[in-house]
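Novice: Pasting the sequence and the predicted model now:
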Amino acid sequence: MEPTVTRFAPSPSGALHPGNARTALFSFLLARRSGGRFLVRVEDSDRERSGEEFVAGQLADLAWLGLDWDAGPDRDDGRGPYRQSERAAIYARLFAQLEAARLAYPCYCSPAELDAARRAQLAKGEPPRYPGTCRQLDAGARAAREAEGRRPALRFAVPERRVVRFDDLVRGPQETDAAAFGDFVIRRADGAAVFFFCNAADDSLMGVTHVLRGDDHLSNTPRQLLLLEALGLAAPRYGHLPLLLDAGGVPQSKRRGSVTVRQLRERGYLPGAVANYLLRLGHHGAPDAWVEPTELARHFDPGKLGRAPAHFDPVQLDHWQRESVRRLSPAQAAEWLAPALPADWPAARRVETARLLQGNLLLPAEAAGWIAVLSGELAPLASEDAAVIAQAGTEFFESALAAFAESGGDLARLAEQIRVRTGRKGRDIYQPLRIALTGRHDGPELAALLPAIPPALVRARLAHAARIH
RNA sequence: GCUCCCAUCGUCUAGAGGCCUAGGACACAGCCCUCUCAAGGCUGGUACGAGGGUUCGAAUCCCUCUGGGAGCGCCA
């Protein structure tokens, strides 16, 4: 069996959104599950909209997600370059080949003429498509237009009476009558190759065997198939993924401020969490439980891709984030939490704190309150919590203070001492203690929390609680 | 306008004519566990867009409608 070669072909005109990331992940997984190769090709044929910062940004996001490519703009394997802007000579050769075979022809129509034709067709209820004006131009007519100073675009001559068929990886057999589209431009008047063309040619030239892409490309596929056929190039198999919608139900876009992969990363979402979520968006067959990033490919099956658009739901992402955070080793947790930890804390304390808090955090930003508990001022008490303190009473906290002098950070001993002094037990001891020491009624185990709070703070807080009635 | 695609709980989905009084996960509610939160365990509510067919029988097949989306560019 031939090895599977897949690719992700980002256009660097913005940030990577979850939808693109999902397409990239699925493509990557498709290659990996068969031991094949995964390529990244930058589709920057539109220089105007492309930015180097977007190239770097998107590549960084892919790497962060754990997708490592075998060849790409930074790693040529002999079939590159992997940026379309550097492949002009290759496209030129292909254009010459098509022209020589009379499978493409120069078109001198002006934008105004094309627009007029389009309007007329629309008015008649016909699909707008190129009427073929320049298809039959002879050498003389062409020379005359050149003399007028017109610069031609190059159009592909779509064969008459052709039905294009292909078997879509996710949608099954597809059939389109070539009559449904007119001759289309493959090289603009300024000499630049259009996306359509580069995309299809590059996939073939780079040995790509399976293309997974958004289903906005579905109806363009027959055109690319025709092009490849005319070029004598092998066509990959195509699979079209439904678009990813925002929770609100509209397609993701930067205009609407859809979240970007970069933003998720900056907020502290873990790559494994994002990957686990993406794996289950518009795809079934993965187990209900967490899948280790290294095992992801085993659970991906293109035959189990859905056909309906899926919604990106932040609540579900959070579920995988929680799973992911819980699985962090103390050292990893410390690294993850680093942005939220005081810079002057020694490594041991950072690791200890991260280990202490990781079961109660979703994102590093939530650690701020706990950092204060461990080293600074407590937030004001909620009224229900203040009531618990008042209920416990002055005597309780004075006893606790005395008990603490003997027990130190050993909670079991502290509780025992308090029990001996006050006769209380269980919840009546732990609850007021927790609130007095942390200012809140939720959080990690008290037994772990207590030794992490400096003794001076413990004494101050117990003394303070003793004064609340 | 034309062509094409899609349609099951709030969300992700299982379901390829009887196994479906529609299953799972997330979220939500309750209970258990527990010093608390989280985790875990148990329980619960919530869905086949509408209407017509076909059939002994339809979430599953067909048609219409509705609702969403895409494409028809010298954009990618």
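Specialist: Nice, thanks for sending it over. Residues are numbered from 1 along each chain as shown, chains lettered A, B, ... in the order given.
Novice: Can you show me the strands along the stretch 201-350 of chain A?
Specialist: Under the criterion DSSP state E, counting those that start in this stretch, strands of the stretch 201-350 of chain A are mapped to A:210-214, A:237-241, A:244-246, A:310-312.
Novice: residues of the last one that come out buried?
Specialist: Buried residues in strand A:310-312, counting neighbours by 16 or more other Cβ atoms under 10 Å, are found at A:310, A:312. For every residue, glycine as well, the C-beta is placed using N, CA and C.
Novice: Just tell me which of the strands of the stretch 201-350 of chain A ends up closest to RNA strand B.
Specialist: Of all these, strand A:310-312 sits nearest to RNA strand B, with 3.6 Å by Cβ to the nearest atom of the strand.
Novice: What strands flank that closest one, and is each parallel or antiparallel?
Specialist: strand A:244-246 (parallel) (DSSP bridges).
Novice: Where is the longest helix in chain A?
Specialist: helix A:18-33 (DSSP state H).
Novice: Next one: the nearest residue to A:Leu361 once chain neighbours are set aside relative to A:Gln58, how far apart?
Specialist: The shortest distance from A:Leu361 to any non-neighbouring residue, by Cβ to Cβ, 6 or more residues apart in numbering, is to A:Ala367 (5.9 Å). Using Cβ to Cβ, to the nearest Å, A:Ala367 is found at 29 Å from A:Gln58.
Novice: Compare these two (neighbour count), which wins?
Specialist: Neighbours were counted for A:Ala367 and for A:Gln58 using other Cβ atoms under 10 Å; A:Gln58 has more, 26 against 21.
Novice: Tell me the pLDDT of that one.
Specialist: Here, the pLDDT recorded for A:Gln58 equals 94.
Novice: Could you list the residues in contact with the host helix or strand of it?
Specialist: A:Gln58 is located in helix A:52-65, with elements delineated by DSSP states H and E. With Cβ atoms under 8 Å, 6 or more residues apart in numbering as the test, helix A:52-65 has contacts from A:8, A:10, A:12-16, A:20-21, A:24-25, A:40, A:42, A:44, A:69, A:72-74, A:83, A:260-262, A:265, A:271, A:274-275.
Novice: Is any residue of that helix near RNA strand B?
Specialist: No. Applying Cβ under 7 Å from any atom of the strand, one finds helix A:52-65 separated from RNA strand B by no less than 11.3 Å.
Novice: what angle do that helix and helix A:18-33 make?
Specialist: 50 degrees (axes from the mean of the first three to the mean of the last three Cα atoms, to 10 degrees).
Novice: then the helix or strand just after helix A:52-65 to PDB, C-alphas only?
Specialist: Going down the chain from helix A:52-65, the next helix or strand is helix A:88-100, by DSSP H and E. Taking Å, rounded to 0.1, in the frame of the first residue of the first chain, the C-alpha atoms of helix A:88-100 are listed here in PDB:
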ATOM      1  CA  ALA A  88       6.400  30.900  -9.600                       C
ATOM      2  CA  ALA A  89       8.800  29.100 -12.000                       C
ATOM      3  CA  ILE A  90       7.100  25.800 -11.400                       C
ATOM      4  CA  TYR A  91       3.700  27.300 -12.200                       C
ATOM      5  CA  ALA A  92       5.100  29.100 -15.300                       C
ATOM      6  CA  ARG A  93       6.200  25.700 -16.700                       C
ATOM      7  CA  LEU A  94       2.800  24.200 -16.100                       C
ATOM      8  CA  PHE A  95       1.100  27.200 -17.800                       C
ATOM      9  CA  ALA A  96       3.300  26.800 -20.800                       C
ATOM     10  CA  GLN A  97       2.500  23.100 -20.900                       C
ATOM     11  CA  LEU A  98      -1.300  23.800 -20.900                       C
ATOM     12  CA  GLU A  99      -1.000  26.500 -23.600                       C
ATOM     13  CA  ALA A 100       1.100  24.400 -25.800                       C
END
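Novice: Tell me how far helix A:88-100 lies from the chain's centre.
Specialist: 36 Å (Cα atoms, centre = their mean, to the nearest Å).
Novice: And that helix, what's buried?
Specialist: A:90-91, A:94-95, A:98.
Novice: Identify, from these, the entry nearest to RNA strand B.
Specialist: A:Tyr91 (11.9 Å).
Novice: List phi and psi for the residue nearest to that closest one when sequence neighbours are not counted.
Specialist: Leaving aside its sequence neighbours, A:Tyr91 sits nearest to A:Ala193 (Cβ to Cβ, 6+ apart; 4.1 Å). Per-residue torsions, A:Ala193: phi -70, psi 140 (degrees, to the nearest 10).
Novice: And the one 3 residues further on, by the same measure?
Specialist: Note on A:Phe196: its backbone torsions stand at phi -40, psi -50 [degrees, to the nearest 10].
Novice: Please list all residues in contact with it.
Specialist: Shown in contact with A:Phe196 (Cβ under 8 Å, 6+ apart): A:184, A:186, A:220, A:223-224, A:227.
Novice: Pipe those residues into CSV and attach neighbour count and distance to A:Ala354 per row.
Specialist: Formatted as CSV, the contacts of A:Phe196 follow (neighbours: other Cβ atoms under 10 Å; distance: Cβ to Cβ, whole Å):
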residue, neighbour count, distance to A:Ala354
A:Phe184, 20, 57
A:Ile186, 23, 56
A:Asn220, 16, 49
A:Arg223, 21, 54
A:Gln224, 23, 50
A:Leu227, 25, 54
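Novice: quick one: least confident of the residues you listed?
Specialist: Lowest pLDDT among those: A:Asn220, 87.
Novice: Enumerate every residue touching that one.
Specialist: Neighbour list for A:Asn220: A:Phe196 [criterion: Cβ under 8 Å, 6+ apart].
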